[in-house]
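S.K.: when you get a sec, could you give me coordinates for this:
(one chain, ligands or ions: 1)
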Amino acid sequence: MSETKFPKELLDKLVTAENIVFFTGAGISAESGVPTFRGKDGIWNKLKPEELANFNAFLRNTDMVWEWYQYRRKIVREAQPNPGHLAIAEFQNYFPNVTVVTQNVDNLHKRAGSKKIYELHGNIERNFCIDCKKWYNDVPIDENKKGAIKCDCGGLIRPDVVWFGEYLPQDEFKQSEWEAGRSDICFVVGTSAVVYPAAYIPFTALQAGSYLVEVNIEPTDFSSHAHYSYFGEAGKVLPEILSEVKKIKSSKKQ
Ligand code: OAD
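M.R.: Numbering: from 1, shown residues only. Alright, predicted model coming up:
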């Protein structure tokens, strides 16, 4: 038998698992060049969430908030899915039900090919008018054009992301809870898991008896709850786990 660095318990779970959830955060996209929020170079170390990720801030300072989102849109449009996103998408070839529950707004799971994705904090590519609710998606980024754009009706257009103090999209959250509740394995990848209610998802999985695997570059508040924590970059660790899956699935066929 070949040597493996993963615990037998995880390997056994991978043999029988049918329902897998990946709960992801900013760390999964870090290797694609999208900044995280906390930690050494985190966005919230330099900028204040209450001035940017908040509806009242948007009303007070519409142009500034809009331009910040245009800047982030530019980063995510230029970014490419990394081996971590791609490995998650490839899990779909080996398990009947793979769900991605993400706190990210960057679309990179979709671009990597994941099919079932619940975006708990919205999606930066979508925008809507706060008055008539008309959608304005994939808006062009013209760096010479400053300031927010307005709807045909005259209303302000905001990004379809969840700001502090706002509700999560209820359907996406309910579906995520349902998938977490029936998961056999829940991977918690690249998240500090400190922002609620999204961070309830791995606990829902845990309470339902799922096997919890954390993938992060460093220990987090969640580490003591995980059955197994793997400390390394998601873009390296997830392909390694995937290659174990491939070995397991091919030996089962023989
Ligand atoms: P954070 O910035 O809080 O956490 C990112 C996590 O990723 C940290 O635990 C890092 O150690 C880890 N990390 C960094 N690089 C990594 C890598 N290459 N591989 C694996 N792990 C890595 O981001 P989130 O947990 O996603 O909400 O933050 C949650 C929410 O807080 C965000 O959705 C956003 C933010 O405020 C809203 O905007 C509502």
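S.K.: tell me how many other residues crowd residue 237.
M.R.: 23 (other Cβ atoms under 10 Å). Any C-beta I mention is one placed from the backbone N, CA and C, and that applies to glycine too.
S.K.: now do the contacts for it.
M.R.: 84, 215, 230 (Cβ atoms under 8 Å, 6 or more residues apart in numbering).
S.K.: scan the residues you listed and report the most crowded one.
M.R.: residue 84 leads the contacts of residue 237 on contacts (other Cβ under 10 Å) with 30 neighbours.
S.K.: dump the host helix or strand of it to PDB, keeping only the CA atoms.
M.R.: Per DSSP states H and E, residue 84 falls inside helix 83-91. Extracted in PDB, the C-alpha atoms of helix 83-91 (Å, rounded to 0.1, in the frame of the first residue of the first chain):
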ATOM      1  CA  PRO A  83      -5.500  24.900  -8.600                       C
ATOM      2  CA  GLY A  84      -7.600  25.000  -5.400                       C
ATOM      3  CA  HIS A  85     -10.800  26.200  -7.200                       C
ATOM      4  CA  LEU A  86     -10.100  23.700 -10.000                       C
ATOM      5  CA  ALA A  87      -9.600  20.800  -7.600                       C
ATOM      6  CA  ILE A  88     -13.000  21.600  -5.900                       C
ATOM      7  CA  ALA A  89     -14.700  21.600  -9.300                       C
ATOM      8  CA  GLU A  90     -13.000  18.200 -10.200                       C
ATOM      9  CA  PHE A  91     -14.500  16.600  -7.000                       C
END
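S.K.: give me the helices and strands touching that helix, please.
M.R.: The helices and strands touching helix 83-91, judged by 3 or more Cβ pairs under 8 Å, 6 or more residues apart in numbering; DSSP states H and E, are strand 19-24, helix 27-30, strand 97-102, helix 108-112, helix 234-253.
S.K.: out of those, nearest to the ligand?
M.R.: With Cβ to the nearest ligand atom, the closest approach to the ligand among those belongs to helix 27-30: 2.3 Å.
S.K.: out of the contacts of residue 237, who's near the ligand?
M.R.: Among those, proximity to the ligand is found for residue 215 (Cβ under 6 Å from any ligand atom).
S.K.: need the contacts of residue 237 in CSV with distance to residue 32, can you?
M.R.: CSV is the format used below for the contacts of residue 237 (distance: Cβ to Cβ, whole Å):
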residue, distance to residue 32
84, 9
215, 16
230, 20
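S.K.: let's have the helices and strands packed on helix 83-91 in a markdown table, adding distance to residue 157 and mean pLDDT.
M.R.: What follows is the helices and strands packed on helix 83-91, written out as a markdown table (distance: least, Cβ to Cβ, whole Å; pLDDT from 0 to 100):
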| stretch | distance to residue 157 | mean pLDDT |
| --- | --- | --- |
| strand 19-24 | 28 | 98 |
| helix 27-30 | 25 | 98 |
| strand 97-102 | 24 | 98 |
| helix 108-112 | 22 | 98 |
| helix 234-253 | 33 | 93 |
